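>>> show me how the following folds:
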Amino acid sequence: MNRNEFLKSIAVTGAAAMISAEGASSVMAEAAAGKKGETDLVIAMGGEPEEMFAASIKKMGGMGRFVKKGQKVFLKPNAAWDRTPEQAANTNPALVSAVIKACWDAGAADVIVSEHTCDEWRRSYQTSGIEAAVLAAGAKMLPANEESYYREVEIPGAKNLKKAKILNALLDADCWINIPCLKNHSGARMTIAMKNLMGIVWDRRFFHTNNLHQCIADMCLATKPVLNIVDA
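So this is what the prediction gives:
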């Protein structure tokens, strides 16, 4: 299944799930329960970002299910744009802060946040409010604007994107969490968890000139987050 087929397959399910805050969470939690009874998908609606996250991660079994004591954790929000939180182009900084705090509570030894921005990185980090939130929560916010911050990895099984230069900060982490912002997109039609991985690679131009959808799908073979938290 390619990315286009995947997006079409979830469209009806996604629409049906948007009923009510409590109802949607309950329905999706039951439908997505894993073999061991673990919940794989939760939808929270209504309330502040940190409140919805707290309710969702609790239903998922707590952050300790994904982050273990002593681990070095990498977080990948969408912080690509020189836009304020009110403009909703990036992940809400309150959500990023809540995730960081949950990682600390789970016993993380280190929490690092980074993003290969589209706009100038300093302005994007500052205007988005994400850098301030990260630092206030005791984590590190690293730049990703130089090629030296990346190293090349092979991607077995990929169709188009056979190799890519990926952020060292992510590759050196014990686990990582994806925190995308749900938006429409002129090229990909929709940007959620999979497309957010374009912010961990150096050469995004290759994606746009070699079948964007397939390259995004290929990127998912290179590295997988332990958890996706979508700011929608």
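
>>> name the element the most centrally placed residue in the chain belongs to?
Note on the chain: the residue nearest the mean C-alpha position is Asn178, at 2.2 Å, using C-alpha atoms, centre = their mean. Using DSSP states H and E, the element containing Asn178 is strand 175-179.

>>> now the closest residue to Ala55 other than its chain neighbours: how far from Ala132?
Leaving aside its chain neighbours, Ala55 sits nearest to Ala44 (5.4 Å; criterion: C-beta to C-beta, 6 or more residues apart in numbering). C-beta: built from backbone N, CA, C; applies to glycine. As judged by C-beta to C-beta, to the nearest Å, Ala44 and Ala132 stand 24 Å apart.

>>> then Asp203?
Asp203 is 30 Å from Ala132, by C-beta to C-beta.

>>> now do the buried residues in stretch 222-229.
222-223, 225-229 (16 or more other C-beta atoms under 10 Å).

>>> one more: stretch 133-142?
So stretch 133-142, judged by 16+ other C-beta under 10 Å, has buried residues 133-134, 137, 139, 141-142.

>>> how about stretch 141-154?
141-142, 144, 149-150.

>>> for those residues, name the two members farthest from one another.
Across the buried residues of stretch 141-154, the longest distance by C-beta to C-beta is 17.0 Å; it joins Met141 and Tyr150.

>>> tell me where the chain has strands.
72-77, 110-114, 140-142, 150-154, 163-167, 175-179, 183-185, 189-191, 227-228 (DSSP state E).

>>> ok, back up a step: of Ala44 and Ala132, who's got more company?
Ala44 (20 against 14; other C-beta atoms under 10 Å).

>>> what's the neighbour count on the residue lying closest to Cys220 once chain neighbours are set aside?
Among residues not flanking Cys220 along the chain, Met194 sits closest, at 5.9 Å (C-beta to C-beta, 6+ apart). Residues near Met194, counting by other C-beta under 10 Å, number 20.

>>> just how off-centre is stretch 171-179 within its chain?
10 Å (C-alpha atoms, centre = their mean, to the nearest Å).

>>> what residues does that stretch touch?
66-68, 71-78, 91, 95-96, 99, 103, 112, 151, 153, 170, 193, 196-197, 223, 225-231 (C-beta atoms under 8 Å, 6 or more residues apart in numbering).

>>> of those residues, buried ones?
For those, buried by 16+ other C-beta under 10 Å: 66-68, 71-78, 91, 95-96, 99, 103, 112, 170, 193, 196-197, 223, 225-229, 231.

>>> and the helices in this structure?
For the chain, the helices defined by DSSP state H occupy 3-17, 21-31, 49-59, 93-105, 121-127, 130-136, 168-171, 205-209, 212-222.

>>> hang on, the earlier thing: mind putting the buried residues of stretch 141-154 into a markdown table with distance to His116 and pLDDT?
Shown next, in a markdown table, are the buried residues of stretch 141-154 (distance: C-beta to C-beta, whole Å; pLDDT from 0 to 100):
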| residue | distance to His116 | pLDDT |
| --- | --- | --- |
| Met141 | 13 | 98 |
| Leu142 | 11 | 98 |
| Ala144 | 4 | 98 |
| Tyr149 | 9 | 98 |
| Tyr150 | 9 | 98 |
